[in-house]
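> Pasting the sequence and the predicted coordinates here, then a few questions.
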Amino acid sequence: MSGLVTVEVAGILFDMDGVLVSSIGSVNRCWRKWAEHYGLPNAETVQIEHGTRAVDMIARLKPDLDVAEGLKFIEDLEIDDVADLKVLPGARALLGSLPPERWAIVTSATYRLLLGRLRAAELPVPERIISGDMVERGKPDPEPYRRGAELIHSPAAECLVVEDAPSGVGAGIAAGCRVLGVLGTHKEAELRAAGATWIVRSLEDVNAQTRPNGLTLSLNVL
């Protein structure tokens with residue numbers, strides 16, 4: 001059902017890339033440089049599954065490589081490549097309206113890369129973070145979002161996950177959260193197929209009001 005939906009939550013768990021910032025250009029460029037550096041065939045056409053941890057990509061693309069070495073190399077490339085990094089519509093205003101204890105970032109990026117991107121975008125660094133190198137199993141496993149709900153000190157069912165990728169949507173649903181899909185990197189049909197509870201065009205369609213034990217959200221959903 002499209003239109004305005006009102007939702008009460010204890011807190012919001014945001015993915016970063018594709019939700020708060022757009023870094024897809026950097027991701028594609030850097031992974032192709034990485035693939036070329038390590039001699040992968042057809043490096044210029046390497047495809048990266050959006051929302052996947054770098055360590056998991058390294059294991060898939062070059063399983064014989066020392067993971068720490070490969071991870072540092074891709075981190076260095078991505079931290080330096082921020083020329084076309086941009087804040088996505090509505091992100092800055094929404095984050096600015098939230099009490100710090102009511103939101104967290106749950107991302108497949110490493111902690112170091114997360115800090116680099118938020119600082120380059122001049123977005124606030126939250127007090128509560130689950131990065132890809134803080135978990136044993138990355139998205140689509142539910143571990144990251146279960147851990148995120150713990151940071152909010154609330155049951156997962158009372159938290160709203162905000163995601164742009166099917167793997168992240170699946171992780172949020174598997175963790176027991178409700179999931180708001182944001183269009184951008186994937187199509188509406190893909191997010192619905194992954195199980196998104198609601199879908200919006202951008203974070204401009206999300207308004208938050210603070211209440212004593214959480215947030216009241218107004219969502220203009222598709």
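That came in fine, so what should we check first?

> switch to C-alpha atoms for all contacts and neighbour counts from now on
Noted.

> show me the contacts for residue 143.
When contacts are counted by Cα atoms under 8 Å, 6 or more residues apart in numbering, residue 143 is found next to 135, 136, 137, 171, 175.

> For the residue nearest to the last one when sequence neighbours are not counted, give me phi and psi.
Going back to what we said before, that points to residue 175. In this structure, residue 175 finds its nearest non-sequential neighbour in residue 142, 4.6 Å apart by Cα to Cα, 6 or more residues apart in numbering. Taking degrees, to the nearest 10, you get phi -70, psi -10 for the backbone angles of residue 142.

> Residue 142 and residue 205: what is the separation?
Using Cα to Cα, to the nearest Å, residue 142 is found at 26 Å from residue 205.

> of the two, who's got more company?
Set residue 142 next to residue 205 and count neighbours by other Cα atoms under 10 Å: residue 142 wins out with 21 against 18.

> was I right about that one contacting residue 171?
Yes - Residue 142 lies in contact with residue 171 (Cα atoms under 8 Å); the separation is 4.4 Å.

> circling back to that earlier point, may I see the contacts of residue 143 organised as CSV, with distance to residue 99, neighbour count and pLDDT added?
Formatted as CSV, these follow (distance: Cα to Cα, whole Å; neighbours: other Cα atoms under 10 Å; pLDDT from 0 to 100):
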residue, distance to residue 99, neighbour count, pLDDT
135, 25, 13, 98
136, 29, 9, 97
137, 29, 14, 97
171, 25, 26, 98
175, 23, 23, 98
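
> Good, wrapping up.
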